[in-house]
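Student: Below are the sequence and a predicted model for it; my questions follow.
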Number of protein chains: 2
Amino acid sequence: MQFKGRTVLAFIILAMFASSILTLTIVNPMSWSFKEKAAGSAVAAGPSSTSTTLTNKDLSKISKTYQLIENQFLSQVDHDKLVNGAINGMLEALDDPYTVYMDQDEAAQFDDSISSSFEGIGAEVSLDDGKVVIVTPIKGSPAEKAGIQSHDMILSVNGEKLDGLTLNQAVMKIRGPKGTQAKLEIVRQGSGDPVQVIVVRDEIDVETVYAEMLPGDIGKIEIRQFSSNTATSFEKELKALESKGMKGLIIDVRNDPGGLLNVVVDIVNPFVASGKAIVQVENRNGQRELTKSTGTGKDYPVTVLVNKGSASASEILAGAFQEAVGSKIVGETSYGKGTVQVTFLKEMGDGSNIKMTVYKWLTPNGNWIHKKGVVPDIAVEQPAYFKAAPLTKKVTLKTDTASDDVKNLQLMLAGLGFTADRSDGYFSEKTAQAVKNFQSVNGLPVTGEVDTVTANKLEKAILAEIRDPKNDLQLKAAAEALQSQINK
Amino acid sequence: MQFKGRTVLAFIILAMFASSILTLTIVNPMSWSFKEKAAGSAVAAGPSSTSTTLTNKDLSKISKTYQLIENQFLSQVDHDKLVNGAINGMLEALDDPYTVYMDQDEAAQFDDSISSSFEGIGAEVSLDDGKVVIVTPIKGSPAEKAGIQSHDMILSVNGEKLDGLTLNQAVMKIRGPKGTQAKLEIVRQGSGDPVQVIVVRDEIDVETVYAEMLPGDIGKIEIRQFSSNTATSFEKELKALESKGMKGLIIDVRNDPGGLLNVVVDIVNPFVASGKAIVQVENRNGQRELTKSTGTGKDYPVTVLVNKGSASASEILAGAFQEAVGSKIVGETSYGKGTVQVTFLKEMGDGSNIKMTVYKWLTPNGNWIHKKGVVPDIAVEQPAYFKAAPLTKKVTLKTDTASDDVKNLQLMLAGLGFTADRSDGYFSEKTAQAVKNFQSVNGLPVTGEVDTVTANKLEKAILAEIRDPKNDLQLKAAAEALQSQINK
């Protein structure tokens, strides 16, 4: 079986390769981008570079540390592990989660993960305060099917703790051959007891654009990631919708972690009037370059759907539609990643790679949304049960107990129409009655207690609700906003 | 005001200086220790060292990374921060929490902290899976007075997150001038909501030995840390007790994080029959050397009190008394640190320092207690309320709510003799009644609800109970065990 999902990226990145910056240069040639190209080599000149280097004293201190370890430390240590440790240590000193070193294996897998399919669970992860956190599960992926959610923290994979690993090392542990199990120990939203979730790995294909026509001739295009072929797919789907008489368009970038900078520019370009800014890119010296539209604009209204999982290139898109097109942004405040990374595969020269934050990007009006996110014009939350965590299933839940499990149970029951009298995690008599009602409707023994069988049935039912478009309050709001603009 | 507490160490160490190993050599000269001495220089020879070094390719890769950062990274970065990052990165690759790099400032403060007094909160901390965790608060210190406990996790100090810092960097943030406040955000035992605890820093003096005569001519000597002057103080106090006709001795090393290897050997030596092993030290090649007693043994029985905060040198002491003296060990399984660190101040040469794990130590019979601890002959837990966490005081606790705060409230109430009907964190009617009883006895408005005033009174009362020797079940058990040996 092949999933039509988006690729699992090791992290949210805007520019996956140095070439993406060059592509940006093609869209809108800039003087500074040539300078930066030169700066990619080790002895770069130009105003943005310094001539500082490691002195002999520095190198001798690093060597001395190495020798102390080799000669004195209680255990023998692998040579490469120490060299990679030194490089990781320098990058960690930058305190930027988007700047990472990849050893040869990691770099090769990173490379694979961009364009082709690969085998894994199908979720983008990020390193947040040293913890591996889900940015977003890929639609239709094993991770999504297993109920993994944005902001879930992964503690261990098949019993192996992820603490202390780099993001890439953690991703390597999560990935694995199709058909194998990844037993994830997760904590939802940073609180509560860890829960074990078993995900069966599968082949994840890169399919990034999904289009459909909604009632009222409202087109909807969902972009799941900005990969190399995404702009082409988007253009094709857009043309098809336009030829069917589309009166308004919803672009859905919810849970879209980003991708290539040039691709988002290509997608936004036709919607923005010629000469207006799509995005600004600022280098370390504060020099800004505007990428200006070569398009004409469209004669139908557009709304953009965003949520907290919309990051990076998704935010460029939302910011451009908000400020340069005047579209309504609908949903939740987005992730807030306002930096551009460049990779340095050639510079490293031995197959290893460094992905480094090199630029900021700003909205057309010059706003930096980093750690703030794009704020929607129309703020809409999904129903509360969208945030329910799977139950730990350690003990049978029953009357007169209190726990995070009971709180999640009450969220699920409410989402399924079996509302109890409280939602604070205390298992009241009315909670038991709600459980009985659920059990009765679902052909389970009517005990009023939640054992593993009832818990699994509950989780399956709530996942079906979450996946049902009729419960997508954000999509509804976007369609309504569009309709009222069409009717004007 | 001066606290008679033990020094705040950055971590549990056995050998604080390279010299401590030399001192061990004085106690019991060994052939390998001379080899190791030579190995302290950068180009060490001998069977335990290898000739591996950083190649030009390694150094060039490290330099390239440095230059990429300098020339490309979005922000300008401090030169020393990157060099120190490289060194930290190499040491972190060893995955040993006891091996750390100290820059010049940290090394100087570390040096100060051994012998003299310093200003801080008075707690030993350790880095556990990247989190700063209290090993033990020092008796009588501001930290102890504020209710800080072993295994508390510190998230931030005065609003500054400790994530990603080295242990030494974290300690520098916790320390500060006498009279200033350290607002600590802590999580108790790794669970529950963070709590803010305000600790007023003070001068912490090194006073490591406390002796007293208990009823029945049972002497008690508490060792709070094995510092350079501890063996001399211990000898003095021991002589005084012996001259008063002591019939048995309790050595209390609970919450003693360790210290100097030679000092613990000096303390144990008189209790062990001549020629018997006190401790074994094993180098990276598996070569062992026994440190043998030059003492005579004592004609009275000894028991040793340990708990989970007894680490390193404390465990050498407990292991020696258990195996070489035949004493009963009373309390909880100890911390489990079976390695010896050596510092390399001279080798670094620029005022920075590396403290590195170089040896294992083993009990007289050759047991390695690392990550296992010394198991007591008589296991005794303290009363449950010793583990109560301070209340978060975010909301007033009242009937029909459930939270970790309520759980801790119920622990405290039970400890104070106002036992409710449950202890699971659900605020029942009987919990409210217990609160009312407490309020009534303590002259508070009898509301049955726990606001900040009631919470503070409760915490003060429970701390008084914890400090009251009559509640020290472990000490009682040690005295009883000793008494039955004396009566034989």
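Tutor: Received the coordinates, thanks.
Student: I figured A:S150 was touching A:D128, is that so?
Tutor: No - look at A:S150 against A:D128 with Cβ atoms under 8 Å: they stay out of range, at 11.6 Å. For every residue, glycine as well, the C-beta is placed using N, CA and C.
Student: Just want the residue of the stretch 151-300 of chain A that's nearest chain B.
Tutor: Scanning the stretch 151-300 of chain A for proximity to chain B using Cβ to the nearest Cβ identifies A:D163 as nearest, at 4.5 Å.
Student: Per-residue confidence, that residue, what does it come out as?
Tutor: We note a pLDDT of 88 for A:D163 in this prediction.
Student: again, but for A:T55
Tutor: 87.
Student: swap in the one 4 residues further on?
Tutor: The predicted structure scores A:L59 at 90 on the pLDDT scale.
Student: where does chain A have low pLDDT?
Tutor: By pLDDT under 70, the weakly predicted segments of chain A are A:1-52, A:109, A:111-118, A:189-191, A:205-206.
Student: rewinding a little: who has more neighbours, A:S150 and A:D128?
Tutor: Each of A:S150 and A:D128 has its neighbours counted (other Cβ atoms under 10 Å in any protein chain shown); A:S150 has more, 20 against 16.
Student: And A:G179, how close does it get to A:S141?
Tutor: Relative to A:S141, A:G179 is positioned 15 Å away (Cβ to Cβ, to the nearest Å).
Student: More neighbours: those two, which one.
Tutor: A:S141 (24 against 11).
Student: from what I can see the more buried one touches A:I204, true?
Tutor: Yes - with contact defined as Cβ under 8 Å, A:S141 counts as touching A:I204 (6.1 Å).
Student: how near is the closest residue in space to the residue of the stretch 151-300 of chain A closest to chain B that isn't next to it in sequence to A:N353?
Tutor: Distances taken as Cβ to Cβ, 6 or more residues apart in numbering or on different chains put B:D129 closest to A:D163, at 4.5 Å, once the chain neighbours are dropped. Look at B:D129 and A:N353: by Cβ to Cβ, they are 28 Å apart.
Student: between these two, who's got more neighbours?
Tutor: The neighbour comparison of B:D129 against A:N353 (other Cβ under 10 Å) goes to A:N353, with 24 against 13.
Student: My understanding was that the more buried one contacts A:F110; is that so?
Tutor: Yes - taking Cβ under 8 Å as the definition, A:N353 is a contact partner of A:F110 at 6.7 Å.
Student: overlap in contacts of these two?
Tutor: Contact criterion Cβ atoms under 8 Å, 6 or more residues apart in numbering or on different chains; residues shared by A:N353 and A:F110: A:M102.
Student: Quick check: longest strand in chain A by residues?
Tutor: strand A:353-362 (DSSP state E).
Student: rewinding a little: count the residues that sit near the residue of the stretch 151-300 of chain A closest to chain B.
Tutor: 15.
Student: List the residues that contact it.
Tutor: By Cβ under 8 Å, 6+ apart, the contact list for A:D163 reads A:G130, A:L155, B:D129, B:G130.
Student: check which helix or strand covers the residue in chain A positioned nearest to chain B.
Tutor: For chain A, the residue closest to chain B is A:G89, as judged by Cβ to the nearest Cβ, at 1.7 Å. Using DSSP states H and E, A:G89 maps to helix A:79-92.
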